[in-house]
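Student: Show me the folded form of this:
(chains A and B)
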There are 2 protein chains.
Amino acid sequence: MIARDEALALDAADPLAFARARFILPPGVIYLDGNSLGALPRRTATRVTDTVTREWGERLIGSWNDAGAGNGGWIEAPARVGAKIARLIEARGDEVIVTDSVSVNVFKLAAAALAMNPRRRVIVTESGNFPTDVYMLEGLCRLTGATLRVAADPLAALDDDTALLLLTQTHYHSGAVRDLAATTAAAHAAGALMCWDLSHSTGALAIDLTAANADMAVGCGYKFLNGGPGAPAFAYVARRHHDALDQPLTGWMGHAAPFAFEGSYRPGGGMARMLAGTPGMLGMAALASGVATFDGIDMAATQAKSTALGDLLLDLVAERCPGIDVACPRTARGAQVSLSHEHAYEICQALIERGVVGDFRPPDVVRFGLPALYTRFVDVWDAVDVLAGIVAHQAWRAARFAMRRAVT
Amino acid sequence: MIARDEALALDAADPLAFARARFILPPGVIYLDGNSLGALPRRTATRVTDTVTREWGERLIGSWNDAGAGNGGWIEAPARVGAKIARLIEARGDEVIVTDSVSVNVFKLAAAALAMNPRRRVIVTESGNFPTDVYMLEGLCRLTGATLRVAADPLAALDDDTALLLLTQTHYHSGAVRDLAATTAAAHAAGALMCWDLSHSTGALAIDLTAANADMAVGCGYKFLNGGPGAPAFAYVARRHHDALDQPLTGWMGHAAPFAFEGSYRPGGGMARMLAGTPGMLGMAALASGVATFDGIDMAATQAKSTALGDLLLDLVAERCPGIDVACPRTARGAQVSLSHEHAYEICQALIERGVVGDFRPPDVVRFGLPALYTRFVDVWDAVDVLAGIVAHQAWRAARFAMRRAVT
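Tutor: Below you'll find the predicted structure:
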């Protein structure tokens, strides 16, 4: 049996333990849903208040050029915060920009891929991919007449009409992680471009988009990046594609000279042309603060800790929770674990009632996020202790049936 | 000569004077750029901080269902805030939703109009329209093969191949206001749908979309609605079109059952299908606070006051600023005035240096916004007094040439 003291010893030896102080976590709660909504960084309220009261309230329109306090202008914020995210995914600073949502960025990049590969008209993705990726590709294909191929084995579905392969690196449901370099190479071998959805990877795993030779990527600001509810997303395009980058949501912020008010669109240089409308500065400020929780943090250490947290969780479940099945890989797993049970929904509710916050994913999975910056080994031990009690007493029979939803 | 005391008397008699206390305005500044970025409402910092610290920090993922404090769940916020905006434009509450940017919403609605009018392939708009409207329509037409007709006289450009007429009600540059009902009727007479860009109208004018029989509209959250820099935008679709509404940015938040994680897109009911990605809740909270500055405010009174402010400004300029030309209509004008001068850029800089904030619009216009909720008649008098001094001394010769940009 793994004792609680062993978990405490792992925390005592954890080189990332100091990072937990960068967050404010509610007392009495074991929060294992940071893969859905990252926890609140300690500095975010101050940062957002400064944006509201000083940058907006005092400097007003002047903050577009210069928000003062050394923060630069709002107008450069999408590129500035993008460059900070770039470090976490081993991209060049000018290859990442913060803009819109993951959904909208999927649309832009997939349309751009079709434009870059004009003789090919098929987009391939995976069945069971996070729904918005599939839905947005459906919308694009209906609009343009391109074909969406949703395949259980997407690599086998590549052919010489495939313009783009779009896959999620870390699967939202199972936590399974794809090999960036090998998968990208397979897409390239078929003559397709590769776009990665890094929503459940960025801030969790050691990612090297440059080494993987990836073409495009999107990622989420409100999960492991701790950017706050509905934080803006990011987009990545490899520098070699910048000149050919042609996305259809050609808004004024992507124009080469937005303030010249020209009559016709001319794309801005590099990633600027990924912008569409005016970026939201409150969400941007919170995202900047969220990304700053990774200052000085090594992503390999982050991945190693989350893997160790997950391993501990799975070992404890195997020991103490008979009847609970494992629904995630033992290796090549993101910073999350998935367990399955016939009564997963009710178990999830029973856990929440007891202060352990994971989330339910249909049809039968309880999912736990394990962000390395603020999750302790003892949190995992205590969470499984609660789960073991629920299992031992079949407490799901009494769990509330009130519908709860969670945004992944 | 109009004396300063006359302006003070107008303020003393102003039935909207009380609303200025709803805002925090920086001392020593006459802010006449609220048509670009609305001023900070007094309650916004508290509201946003509550969203950050309590809704996000304490309740975490649970706020998607119920953010506490009687605010409802985050998930309903786009419809909830949309319904508040609906009152300001005389729409039904379920005809307006808050989502994305004006730019992105133009794309969605124009694509939806093409889908509703499938035998027509032309979109008509006005040359000189706010650039992002034109740019987004260019992007849509390049992607779909539809034709964009940008016409100096857009009503004359309607024909039996026109699917959509998209026009801005209040022109960003001149402030000229189009007649909603008559223009909509002309579009309908040609068999086209009508989409209004209300970015420079909402919160400024008494608008009645229902009486105008409008089909669609978009509008901006960060101008007269005081929602903060880059606030989310809104979209309106008349209820009679909801069942046929088919927009291509089919993200998971627009799905009929977002949390069922289905494999294929099914549109949600009504305006819900206008959503794409996860909405940003910090920007949403600030927008809600901005819209609340209109609580108890009559829009006809708002329009009347802004018109009177503009009339006073133009009268004062005519009296005191020789060589400054008027670049806006005397009647049917939005809550803004435009003046022109060969040295408009330098005059704008000189004004800003003296604490009077308007903005420059190329090639030769100084633009002043006159939001009724916080602009006083004496502000207008004082601003023209400063302008008259600049004109008298040709102070633009000394104005700084540092490039400044402002986001409309």
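
Student: drop to CA atoms for contacts and neighbour counts, all remaining ones
Tutor: Will do.

Student: mind listing the strands for the stretch 201-350 of chain A?
Tutor: Applying DSSP state E, counting those that start in this stretch to the stretch 201-350 of chain A gives strands spanning A:216-219, A:234-237, A:325-326, A:336-340.

Student: count of neighbours near the closest residue to residue A:303 other than its chain neighbours?
Tutor: Among residues not flanking residue A:303 along the chain, residue A:205 sits closest, at 4.7 Å (C-alpha to C-alpha, 6 or more residues apart in numbering or on different chains). Around residue A:205 there are 29 other residues, counting by other C-alpha atoms under 10 Å in any protein chain shown.

Student: ok so, going back, residue A:282 is nearest to which of the strands of the stretch 201-350 of chain A?
Tutor: In terms of C-alpha to C-alpha, the element of these nearest to residue A:282 is strand A:234-237, at 15.7 Å.

Student: Domains in chain A, by residue range?
Tutor: A:4-31+A:298-397, A:47-292 (automatic domain parsing).

Student: Residue B:279: which of those domains is closest?
Tutor: domain A:47-292 (5.0 Å).

Student: to the chain's geometric centre, what's the distance from the closest one?
Tutor: Relative to the centre of its chain, domain A:47-292 is centred 11 Å away, using C-alpha atoms, centre = their mean, to the nearest Å.

Student: tell me how far the ends of it are from each other?
Tutor: By C-alpha to C-alpha, to the nearest Å, the extent of domain A:47-292 from end to end equals 11 Å.

Student: What of stretch A:20-35?
Tutor: Stretch A:20-35 end-to-end distance (C-alpha to C-alpha) = 16 Å.

Student: Distance from the chain centre to that stretch, please.
Tutor: Taking the mean of its C-alpha atoms, stretch A:20-35 sits 18 Å from the chain's own mean (C-alpha atoms, centre = their mean).

Student: Give the buried residues for that stretch.
Tutor: A:20, A:22-25, A:29-35 (16 or more other C-alpha atoms under 10 Å in any protein chain shown).

Student: can you list contacts of it?
Tutor: The contact list for stretch A:20-35 (C-alpha atoms under 8 Å, 6 or more residues apart in numbering or on different chains) reads A:39-43, A:200, A:223-224, A:226, A:293, A:335-336, A:355-359, A:367-371, A:373-375, A:379, A:383, A:408, B:57-59, B:61.

Student: Now, those that are in strands?
Tutor: Using DSSP state E, the members of the contacts of stretch A:20-35 that fall within strands are A:40-41, A:336, A:356-357, A:359, A:367-369.

Student: Let me know the closest of those residues to chain B.
Tutor: Nearest to chain B among these is residue A:40, at 5.1 Å by C-alpha to the nearest C-alpha.

Student: Now do the contacts for that closest one.
Tutor: Contacts of residue A:40 (C-alpha under 8 Å, 6+ apart): A:23-25, A:226, A:228, A:290, B:52-53, B:56-57.

Student: show me the residues around the residue lying farthest from the centre of chain A that make contact.
Tutor: Using C-alpha atoms, centre = their mean, the residue of chain A lying farthest from its centre is residue A:263. It sits 36.9 Å away. Residues near residue A:263 by C-alpha under 8 Å, 6+ apart: B:127-128, B:131, B:134.

Student: so where is the stretch 301-408 of chain A shaky, pLDDT-wise?
Tutor: Scanning the stretch 301-408 of chain A for pLDDT under 70 picks out A:399-408.

Student: so which of the contacts of residue A:263 is the most crowded?
Tutor: residue B:134 leads these on contacts (other C-alpha under 10 Å) with 30 neighbours.

Student: check contacts around that residue.
Tutor: Here residue B:134 is in contact with A:263-264, B:125, B:150 (C-alpha under 8 Å, 6+ apart).

Student: Give me the mean pLDDT for the helix or strand hosting it.
Tutor: Per DSSP states H and E, residue B:134 falls inside helix B:131-144. Summarised as a single mean, pLDDT over helix B:131-144 is 97.

Student: can you check stretch A:76-83 too?
Tutor: 98.

Student: Closest one to residue B:68 out of the contacts of residue A:40, please.
Tutor: residue B:56 (10.8 Å).

Student: So that closest one versus residue B:114, what's the distance?
Tutor: Taking C-alpha to C-alpha, one finds residue B:56 at 40 Å from residue B:114.

Student: try residue A:218
Tutor: Residue A:218 is 29 Å from residue B:114, by C-alpha to C-alpha.

Student: Between the two, tell me which one has more neighbours.
Tutor: Taking other C-alpha under 10 Å, residue A:218 and residue B:114 do not tie; residue A:218 has more neighbours (26 against 23).

Student: ok, what's across the strand from that one?
Tutor: residue A:197, residue A:235 (DSSP bridges).

Student: Serialize the buried residues of stretch A:20-35 to JSON lines and add fields for secondary structure and pLDDT.
Tutor: As requested, those are exported to JSON lines (DSSP: H, G, I helix; E, B strand; the rest coil; pLDDT from 0 to 100):
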{"residue": "A:20", "secondary structure": "helix", "pLDDT": "98"}
{"residue": "A:22", "secondary structure": "helix", "pLDDT": "98"}
{"residue": "A:23", "secondary structure": "strand", "pLDDT": "98"}
{"residue": "A:24", "secondary structure": "strand", "pLDDT": "98"}
{"residue": "A:25", "secondary structure": "coil", "pLDDT": "97"}
{"residue": "A:29", "secondary structure": "coil", "pLDDT": "97"}
{"residue": "A:30", "secondary structure": "strand", "pLDDT": "98"}
{"residue": "A:31", "secondary structure": "strand", "pLDDT": "98"}
{"residue": "A:32", "secondary structure": "coil", "pLDDT": "98"}
{"residue": "A:33", "secondary structure": "coil", "pLDDT": "98"}
{"residue": "A:34", "secondary structure": "coil", "pLDDT": "97"}
{"residue": "A:35", "secondary structure": "coil", "pLDDT": "97"}
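
Student: Would you mind confirming that residue A:122 makes contact with residue A:145?
Tutor: No. Between residue A:122 and residue A:145 there is no contact under C-alpha atoms under 8 Å: 9.6 Å.
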